[in-house]
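Engineer: Fold the stuff below for me.
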Amino acid sequence: MEDFALREGVLRLADGADGCVRAVREQLRRNARVIKVCASGGVLSEVDHPVHQQFTSTELGAIVEVAGLAERVVAAHCHGKPGIIAALAAGVRTIEHGTYLDEECCDAMKETGAILVPTRTIVEDMLANLAAVPDYAATKLVAIADAHAGAVALAQARGVTIAMGTDIGLTGSDLPNSWGKNGSELPHLVALGMTPLQAIEAATATAPLTLGPQAPRSGRLAAGYDADVITLDADPLADIGVLANPGQVTGVWTAGRRVKGAPLPGK
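Structural biologist: Next up, the predicted model:
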């Protein structure tokens, strides 16, 4: 981690409030539009536990405060309830994963206006490819999978705002959990209790809200918004799975400029 941080500058270890302030400022100087903090342990990290809180309330507060001075919000990777509660108290914008959230966490998220980003895709893809996952991570993944599904369903039932996110981090269509397969998150959200229309809203209108003041004018077909649009060869309200298949996306426009599909007649 330390070596990668020195070479790439994206990830960073930080200890103590002063160290957290310094780490956030380093990212802001690179024009980071959002700050992400690991408020709990994870699945792919070898020695920590997903339930354990990894930053103190003071440290989390310092991260949120410094980010806020630059009109940036904080996303909190978090599985365990202790970290979720502490992150919400500090003022984070999103909880990423939320595996062990319960009714108290849901109520706190509604009170603070925080958004849940479930990232079910990474869970399902790793479950389907356990042989390619390190043994320590496979053990943790199997242990959290059902709890995560239950937490997402609970959040949906209790009216927590949910945005689509995937945790996708690989490039290459032959690889699991790779860019271009982001739409696979929508069928997972539907399987966990959303209607197709709610899942589409989570991916479009709600998703930009996760960036707070840095959000693009995107996600809605409305005056003043960027014309980011896709067309499909089937009705996603009848079969949400079409959004998981890039081959069924017939056209893509970014800010009104067509980047996929044949030009329209006369254009």
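
Engineer: number of nearby residues for Ala128?
Structural biologist: Counted with other C-beta atoms under 10 Å, the neighbours of Ala128 add up to 11. For the C-beta atoms, the positions are set from N, CA and C on the backbone; glycine is no exception.

Engineer: For it, which non-adjacent residue is closest in space?
Structural biologist: Spatially, and ignoring its direct neighbours in sequence, Ala128 is nearest to Pro176 (6.9 Å; C-beta to C-beta, 6 or more residues apart in numbering).

Engineer: Check Arg258 too.
Structural biologist: Closest to Arg258 by C-beta to C-beta, 6+ apart is Gly251, at 6.5 Å.

Engineer: Quick check: can you name the pairing partners of the helix or strand hosting that neighbour and their directions?
Structural biologist: For Gly251, the host element (DSSP states H and E) is strand 249-254. With DSSP bridges as the test, strand 249-254 is paired with strand 229-232 (antiparallel), strand 257-260 (antiparallel).

Engineer: give me the low-pLDDT residue ranges for the stretch 101-250 of the chain?
Structural biologist: Within the stretch 101-250 of the chain, no range satisfies pLDDT under 70.

Engineer: one more time with 90
Structural biologist: 132, 166-182, 246 (pLDDT under 90).

Engineer: how about the helices in it?
Structural biologist: For the stretch 101-250 of the chain, the helices defined by DSSP state H, counting those that start in this stretch occupy 103-112, 120-128, 135-157, 185-191, 196-203.

Engineer: Can I get these in CSV including distance to Gly83?
Structural biologist: Shown next, in CSV, are those (distance: least, C-beta to C-beta, whole Å):
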stretch, distance to Gly83
helix 103-112, 10
helix 120-128, 18
helix 135-157, 13
helix 185-191, 23
helix 196-203, 23
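
Engineer: what residue is smack in the middle of this protein?
Structural biologist: Gly165 (3.8 Å; C-alpha atoms, centre = their mean).

Engineer: Can you name the residues that contact it?
Structural biologist: Glu96, Val117, Pro118, Thr119, Glu185, Ala207, Thr210 (C-beta atoms under 8 Å, 6 or more residues apart in numbering).

Engineer: Buried ones from the residues you listed, can you make that a PyMOL selection?
Structural biologist: Restricted to buried positions by 16 or more other C-beta atoms under 10 Å, the PyMOL selection for the contacts of Gly165 reads:
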select buried, resi 96+117+118+119+185+207+210
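
Engineer: and the contacts of Gly165, which of them are in strands?
Structural biologist: Glu96, Val117 (DSSP state E).

Engineer: Name the stretch among the helices of the stretch 101-250 of the chain that sits most buried.
Structural biologist: Compared across those, helix 185-191 shows the largest average neighbour count, a mean of 22 (mean count of other C-beta atoms under 10 Å).

Engineer: Name the nearest residue to Trp253, sequence neighbours excluded.
Structural biologist: Here the residue nearest Trp253, using C-beta to C-beta, 6+ apart, is Val229, at 4.5 Å.

Engineer: Count the residues that sit near the one you found.
Structural biologist: Val229, neighbours per other C-beta under 10 Å, totals 14.

Engineer: ok, now Lys81?
Structural biologist: Here the count is done by other C-beta under 10 Å, and Lys81 has 19 residues near it.

Engineer: ok, now which ones touch the residue nearest to it when sequence neighbours are not counted?
Structural biologist: Leaving aside its chain neighbours, Lys81 sits nearest to Tyr100 (5.0 Å; criterion: C-beta to C-beta, 6+ apart). When contacts are counted by C-beta under 8 Å, 6+ apart, Tyr100 touches Pro50, Val51, His79, Gly80, Lys81, Ile84, Ala147, Ala151.

Engineer: Test for you: state the pLDDT assigned to Pro263.
Structural biologist: For Pro263, the model assigns a pLDDT of 68.

Engineer: same deal with Arg7?
Structural biologist: So, for Arg7, pLDDT stands at 57.

Engineer: one step back: how close does the residue nearest to the centre of the chain get to Leu13?
Structural biologist: 24 Å (C-beta to C-beta, to the nearest Å).

Engineer: same question, Gln53
Structural biologist: The value you get for Gln53 to Leu13, if C-beta to C-beta is used, is 16 Å.
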